[in-house]
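A.B. asks: only geometry, no sequence info:
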């Protein structure tokens, strides 16, 4: 029996997620709905394309005529779609607000027409505290033990940091990891966004005395779901580019390792790609030409020629640069959390269909 998945929002995260779920709806055993709040002429083509790919348009009861006036044909209204959904993925910047005002009531059997249906609610990286912090391929064991209905897919840079820490620690952060320092070099805005571009590089402050910026704190909290408490610190700056985020990392590991050992650890993780490219536009262009709808789903793309392995006080220090594939890694985690909500532990087998889009080398 097909399960109903509702995506709320059609922005930078929502739009590609709706398309991805729709394209693979038969393999995943789902029916896809998406809620759009406002009818807009400049977004008509986008909505029509998503419908053509198999998604069902959901609008508010009082907006049906307005959508029909610009040649949309809503499949149903938001009230019914929210009630019947098995999984609701919030891709708006109001996930926590919606949780308080909408989702908690929906999750209460007293208000739900389908009283025996357990719903899963998923929000994105900006919605700190929404639910279990999650990244596919990093803390799946915590997801499978999660008794709560709420999951927060962490940000793309948090995916990157956590993947580096766990991979270079050979999976055992408590045993092998000493500390990590990360500088997140963030692109100004996504190519799909109108505002927030800047004229020159802009440095950020350290709002947290222990972790620096939220990136290290978010990674620390995700590892907390596995019982790890790694020493992490991060800084951030924004540059006048729309291509990709980068991270400069310096990770201290216990014991002795040579560069070949580090490369082998990176190669063994299917979520990590290596590259000899040093320009963000070259990596971005590879994703545009060879990725799924222009996206790279790997956690990170490590610039191989930037790696430096040294020794300090009995520890191995691994330093280098890596590229964050924008929203690609968090999109895959949103799909994984969705499939866990509808298929339980079988979701890992279902996710294998996306292995074809993970690169070993870029």
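C.D. replies: Ah, there it is. These numbers come from a predicted model, not from an experiment.
A.B. asks: Grab the longest helix from this protein for me.
C.D. replies: Taking DSSP state H as the criterion, the chain has its longest helix at helix 328-343.
A.B. asks: low pLDDT regions in the stretch 1-150 of the chain?
C.D. replies: 109-117 (pLDDT under 70).
A.B. asks: could you show me where the strands are in it, in order?
C.D. replies: In the stretch 1-150 of the chain, the segments counted as strands under DSSP state E, counting those that start in this stretch are 3-8, 30-35, 56-59, 76-77, 87-90, 120-123, 132-134, 150-153.
A.B. asks: Partner strands of the shortest one, with direction?
C.D. replies: Partners of strand 76-77 in the sheet, by DSSP bridges, are strand 56-59 (parallel).
A.B. asks: what residues does the partner strand touch?
C.D. replies: For strand 56-59, contacts defined as C-beta atoms under 8 Å, 6 or more residues apart in numbering pick out 6, 31-37, 39, 47, 50-51, 67, 72-78, 81. From N, CA and C alone the C-beta is placed, and that goes for glycine too.
A.B. asks: next structured bit after the longest helix of the chain?
C.D. replies: helix 347-350 (DSSP states H and E).
A.B. asks: Distance from the chain centre to that following helix, please.
C.D. replies: Distance, stretch centre to chain centre, for helix 347-350: 17 Å (C-alpha atoms, centre = their mean, to the nearest Å).
A.B. asks: in it, what counts as buried?
C.D. replies: Residues 347-348, 350 are the ones in helix 347-350 that count as buried (16 or more other C-beta atoms under 10 Å).
A.B. asks: And the pLDDT for the residue in the chain sticking out farthest from the centre?
C.D. replies: Most distant from the centre of the chain: residue 313, at 36.1 Å, with distances by C-alpha atoms, centre = their mean. If you check residue 313, the pLDDT there is 88.
A.B. asks: That one and residue 254: what is the separation?
C.D. replies: Distance, residue 313 to residue 254, by C-beta to C-beta, to the nearest Å: 11 Å.
A.B. asks: Would you map out the domains in the chain?
C.D. replies: Per automatic domain parsing, the domain ranges recorded for the chain read 3-153+330-357, 156-326.
A.B. asks: How far does the longest one sit from its chain's centre?
C.D. replies: When distances are taken as C-alpha atoms, centre = their mean, domain 3-153+330-357 is centred 14 Å away from the chain's centroid.
A.B. asks: End to end on that domain, go ahead and measure it.
C.D. replies: Terminal residues of domain 3-153+330-357 are spaced 24 Å apart (C-alpha to C-alpha, to the nearest Å).
A.B. asks: and the nearest residue to residue 239 once chain neighbours are set aside, how many residues sit next to it?
C.D. replies: Counting by C-beta to C-beta, 6 or more residues apart in numbering, residue 239 lies nearest to residue 201, which is 4.8 Å off, once chain neighbours are set aside. Residues within reach of residue 201, counting by other C-beta atoms under 10 Å, total 12.
A.B. asks: which residues does residue 201 contact?
C.D. replies: Taking C-beta under 8 Å, 6+ apart, one finds 237-240 in contact with residue 201.
A.B. asks: quick one: which of the residues you listed has the most company?
C.D. replies: Ranked by the number of neighbours (other C-beta under 10 Å), these place residue 238 first, at 20 neighbours.
A.B. asks: who does that one bridge with?
C.D. replies: Counting by DSSP bridges, residue 238 is bridged to residue 186, residue 202.
A.B. asks: Who are the contact partners of it?
C.D. replies: Residue 238 touches 186-188, 198, 201-202, 204, counting by C-beta under 8 Å, 6+ apart.
A.B. asks: re the thing from before, can you tell me how far the residue farthest from the centre of the chain sits from residue 216?
C.D. replies: 22 Å.
A.B. asks: that older thread, now, among the contacts of residue 201, which is nearest to residue 151?
C.D. replies: Using C-beta to C-beta, residue 238 is the member of those that lies nearest residue 151, at 28.0 Å.
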